[in-house]
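>>> okay, sequence plus prediction incoming.
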Amino acid sequence: MAKKLYIRSFGCQMNDYDSEKMADVLHAAYGTEATDSPDDADIILFNTCSVRENAQERVFHHLGRLRQLKEGRPDLVIGVGGCVASQEGETIVRRAPYVDVVFGPQTLHRLPQLIEDRRSSGLPQIDISFPSIEKFDHLPHARVEGGAAFVSIMEGCSKFCSFCIVPYTRGEEVSRPIEDVLTEVAGLAAQGVKEVTLLGQNVNAYRGRLADAEVDLAFLIETLAEMPGILRIRFTTSHPREMTARLIEVYGRVPKLVSHLHLPVQSGSDRVLAAMKRGYTVLEYKSIVRRLRAVRPGLSLSSDFIVGFPGESDADFEATLELVDELGFSDSYSFVYSPRPGTPAAALADDTSREVKEERLARLQQKIEAQDLAARKRMAGGVERVLVEGPARKNPTDLAGRTACNRVVNFAGPARLIGGYAEVEITAAMAHTLRGEWLEAREDA
């Protein structure tokens, strides 16, 4: 009987991608199959994230629930990976001695060997090293379901923003060779994938090698656009400092690059941006967006915002609201600042109350949600080509598809559409989604 694998993934799309690769590695080694229940699992993995507040304690809280499982089933393998694993290392097995393996984002490909070493030695195994991009050379071919897939093209971050722990947990920026990326995407296309999302902590900092030359993200996008079967290209997450003129020009030349960009700004105040060590000004950010929308009118823009960064004044926050009013955002990942131990910002004085920060966050989110709703209402009556992802969440008898501008559309249609594209007329804007009508249904009536 195949072993059962339970993975709980926390955090960003990079973590979701890494969790898929963990499943691929263990399936290749042991024939494991996924389960939704840790009670049924032979291997339990937590893929952790350090970005949110009290991330470490959350991990230990979840691990505490597994103690009894381990006592009842000593052969159960429990592993902790991801960024908290990189941070905490041996502390994890000291506080939770029933954990068998601890591994970082760059060593997930070593999971089978770590598990075997644990079984042979009887001792917990820890590997949180940074072996560059070695892991990509050891990952099995991805098992793909559906028409969209993520492709990691680089690892790490070298920006060292004052609030961020990522450079310390994932290492500095390292790009995969372009031949490796192209080979992976070609393999995905052969399995029916039509849409790829290129991933990296700062994905637009990509600098791959082609023979003796260095190539950038713009070159990679142009090359992928020529690949048979690939109809849409996305990338995330970007850094404004790496939004080059070449990359902006690609939006005007490559229709397969979608009309959506996630470009974190974090704040609309130059003073706060300087304290965050972001490396750009508000004017520079606005200039990037204006140039993008000049070559790609109607570009949908989402962003990240940190509210209540140490020293943020009322005027600083009002500047953020003004930026939102001026640029218009379709969505945001916005949070109240929480200090990450070991980062420079953790030592900054912070005299703003939690209540004030929460009130600011609510105002920001309400403004962006109102902008998004207005933009979605303007889409009513238009026709969108959507990639059909599967059954709708609230009503499984409907289908859910995603537009090029990254909005979800629910509509009635046959299951055979899943994994492909469908032409859908937008009929209404709901609270967080769109409602549509499959056009072929009219022709069939």
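That came in fine, so what should we check first? Not measured: the values here are computed from a predicted model.

>>> distance from the helix or strand hosting Leu283 to the middle of the chain?
With secondary structure defined by DSSP states H and E, Leu283 is part of helix 282-295. A distance of 23 Å separates the centroid of the chain from that of helix 282-295, by C-alpha atoms, centre = their mean, to the nearest Å.

>>> longest helix of this protein?
The longest helix of the chain (DSSP state H) is helix 354-378.

>>> what's that one in contact with?
Under the contact criterion C-beta atoms under 8 Å, 6 or more residues apart in numbering, helix 354-378 has outside partners 300, 305, 307-308, 317, 320-321, 324-325, 328-332, 334-337, 407, 429, 431, 434. Backbone N, C-alpha and C define where each C-beta goes, glycine included.

>>> for it, list every residue counted as buried.
Buried positions in helix 354-378, judged by neighbour count with 16 or more other C-beta atoms under 10 Å: Lys357, Arg360, Leu361, Arg363, Leu364, Lys367, Ile368, Gln371, Asp372, Ala375, Arg376.

>>> count of neighbours near the closest residue to Gly82 other than its chain neighbours?
Take Gly82 and drop its neighbours on the chain: the residue closest to it by C-beta to C-beta, 6 or more residues apart in numbering is Thr48, 3.8 Å away. When neighbours are counted by other C-beta atoms under 10 Å, Thr48 registers 27.

>>> ranges for the strands of the stretch 101-250 of the chain?
Taking DSSP state E, counting those that start in this stretch as the test, the strands found in the stretch 101-250 of the chain are 101-103, 125-127, 148-152, 154-155, 174-175, 195-199, 207-210, 213-216, 232-236.

>>> the second one pairs with which strands?
Here the strand partners of strand 125-127, with direction, are listed using DSSP bridges: strand 101-103 (parallel).

>>> mean confidence score for the partner strand?
Mean per-residue pLDDT for strand 101-103: 95.

>>> about what we covered before: helices or strands up against the helix holding Leu283?
Packed against helix 282-295 by the contact rule (3 or more C-beta pairs under 8 Å, 6 or more residues apart in numbering; DSSP states H and E) you find helix 245-253, helix 314-327.

>>> tell me the mean pLDDT for the last one?
What it means is helix 314-327. Here the average pLDDT along helix 314-327 is 98.

>>> helix 314-327 and the following helix or strand past that helix, what's the angle between them?
Going down the chain from helix 314-327, the next helix or strand is strand 331-336, by DSSP H and E. Interaxial angle, strand 331-336 versus helix 314-327 (axes from the mean of the first three to the mean of the last three C-alpha atoms, to 10 degrees): 170 degrees.

>>> which outside residues touch strand 331-336?
Residues outside strand 331-336 that contact it (C-beta under 8 Å, 6+ apart) are 52, 264, 302-308, 354, 357-358, 361, 364-365, 368, 372, 406.

>>> gap between the residue nearest to Gly82 and Thr237?
As for Thr48, its distance to Thr237 is 18 Å (criterion: C-beta to C-beta, to the nearest Å).

>>> hmm, back to that, list the buried residues in the helix holding Leu283.
Neighbour counts over helix 282-295 (16+ other C-beta under 10 Å) mark Val282, Tyr285, Ile288, Val289, Arg291, Leu292, Arg293 as buried.

>>> now do the same for whichever helix or strand comes after it: mean pLDDT, whole number.
Later in the chain than helix 282-295, the nearest helix or strand by DSSP H and E is strand 300-307. Taken as a whole, strand 300-307 carries a mean pLDDT of 97.

>>> give the other helices and strands that strand 300-307 contacts.
Applying 3+ C-beta pairs under 8 Å, 6+ apart, one finds that strand 300-307 contacts strand 260-262, helix 314-327, strand 331-336, helix 354-378.

>>> between it and strand 232-236, how many degrees?
Going by the same axes, to 10 degrees, strand 300-307 makes 10 degrees with strand 232-236.

>>> so where's this protein uncertain?
For the chain, the stretches flagged by pLDDT under 70 are 1, 51-55, 132-135, 138-143, 441-445.

>>> Val409 and Phe150: what is the separation?
Val409 is 21 Å from Phe150, by C-beta to C-beta.

>>> A strand includes Arg435, no?
Yes - using DSSP: H, G, I helix; E, B strand; the rest coil, the assignment for Arg435 is a strand.

>>> residue contacts, it?
Val409, Asn410, Phe411, Ile426, Thr427, Ala428, Ala429 are the contacts of Arg435 under C-beta under 8 Å, 6+ apart.

>>> so of these, which ones are in strands?
Secondary structure from DSSP state E places Val409, Asn410, Phe411, Ile426, Thr427, Ala428, Ala429 of the contacts of Arg435 in strands.

>>> was I right about the first one contacting Met430?
No - contact criterion C-beta atoms under 8 Å: Val409 and Met430 do not qualify, at 9.8 Å.

>>> more neighbours: which of the two?
For Val409 versus Met430, the count of surrounding residues by other C-beta under 10 Å is larger for Val409: 28 against 13.

>>> and that one, what are its bridge partners?
With DSSP bridges as the criterion, Val409 is bridged to Gly401, Leu434.

>>> now do the contacts for it.
When contacts are counted by C-beta under 8 Å, 6+ apart, Val409 touches Glu384, Val386, Ala400, Gly401, Arg402, Thr403, Val424, Ile426, Thr433, Leu434, Arg435, Gly436.

>>> repeat the analysis, applying 10 Å as the threshold.
376, 379, 384, 386, 388, 392, 398-403, 422, 424-427, 430, 433-438 (C-beta atoms under 10 Å, 6 or more residues apart in numbering).

>>> Tyr206 touches Val151, doesn't it?
No - look at Tyr206 against Val151 with C-beta atoms under 10 Å: they stay out of range, at 11.4 Å.

>>> of those two, who's got more company?
The residue with more neighbours, out of Tyr206 and Val151, is Tyr206; 25 against 22, by other C-beta under 10 Å.

>>> and the nearest residue to that one once chain neighbours are set aside, how many neighbours?
Closest residue in space to Tyr206, ignoring its immediate chain neighbours: Leu217 at 4.3 Å, by C-beta to C-beta, 6+ apart. Counted with other C-beta under 10 Å, the neighbours of Leu217 add up to 26.
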